[in-house]
Every structure is written in C-alpha cells, then in structure tokens.
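> below: sequence and its predicted model.
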Amino acid sequence: MNQNNFNQIRVNLSGLGCWLTLIGVVWLLGAVGLGWLVKSLAVLIVLLLAAPVLGFIGLRFWLRRNLVQGPCPVCSTALTGIKGTETRCLSCGTPLHTEADGFTRVTEAGTIDITAVDVTVDAKPVLPEGD
C-alpha cells in the first residue's frame, strides 16, 4: 500500500468553514426579518471599498484643475504650485504668487518691474565709409 497517493488528493478546506458560517448568519438574519441589517452592512462595506477609489479620482481631478507649472519670472527656474497661493522660488528665494497662467512676483504697490539688457560696445567707434 502506497501512502503517498493520499497526500496528492488532499484538498485544503480551512477557509470554507468561515464562509459557511457567514452565509448561515446572513440566511438566519434574513429569515428572522432582519434583512435590512444585512443590506445596510453590505452597503457599508461597498462604501468603505469605494471611498479610497473615489477619493483618489477626486484628488487627481482637483490637482489637474489647480496645479500650475511655469518658470520663475526672476530666474526662469521651473516651478510647480497650487493656483491662488503664495510660494517662494527654490532657486532665488523670490516670493511669488501663483495664478492660473503662471507665477508673478509679490511686490509692494507702485513697484515697476523692468528688464535689464546688457549692451556691449566695441572700444573703437565704427565710422561710415566716405567720411
């Protein structure tokens, strides 16, 4: 007699008792007239499983509408911010306000922003020919 054959046919039914007990309790509550309790527990479980998924989808939608990416107006470093908030540039430290179309410098009223242009001049002047 070979005893190894029984080990190959063995089926693990350890979790089946738990499921049968759960099904029996649900059937008993339904038979007694407490089916509303079973239904409310089922709805609660579905809501608990769906809440993280819906929260993740809602967060992605909100970020898509409120996340602004653009360059710093002072040093042109790429920045990311949330629309309507104030932040600082990570590179130059300038306080910035985040708007829908990009970033603007936070300045006092009456401040005029200018752009400096570096102009190089040769040492000797160029005269037109014929003079």
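Good, I have the coordinates. Residues are numbered from 1 along each chain as shown.

> assign the spatially most central residue of the chain to helix, strand or coil.
For the chain, Arg60 is the residue whose C-alpha lies nearest the centre (C-alpha atoms, centre = their mean; 5.1 Å). Here Arg60 is recorded as helix under DSSP: H, G, I helix; E, B strand; the rest coil.

> how about low-confidence regions in the chain?
1-13, 122-123, 125-126, 130-131 (pLDDT under 70).

> residues near Gly15, how many?
The local packing count at Gly15 equals 8, with neighbours defined by other C-beta atoms under 10 Å. Any C-beta I mention is one placed from the backbone N, CA and C, and that applies to glycine too.

> check contacts around it.
In this structure, Gly15 makes contact with no residue, judged by C-beta atoms under 8 Å, 6 or more residues apart in numbering.

> domain-wise, how is this structure divided?
The record, using automatic domain parsing to delimit domains, assigns the chain the ranges 16-63, 67-105.

> measure the last one end to end?
What that stands for is domain 67-105. Between the opening and closing residues of domain 67-105 lies a distance of 18 Å (C-alpha to C-alpha, to the nearest Å).

> for it, buried residues please.
Across domain 67-105, burial judged by 16 or more other C-beta atoms under 10 Å covers Val68, Gly70, Cys72, Leu79, Gly81, Thr87, Cys89, Thr94, Leu96, Thr98, Gly102, Phe103.
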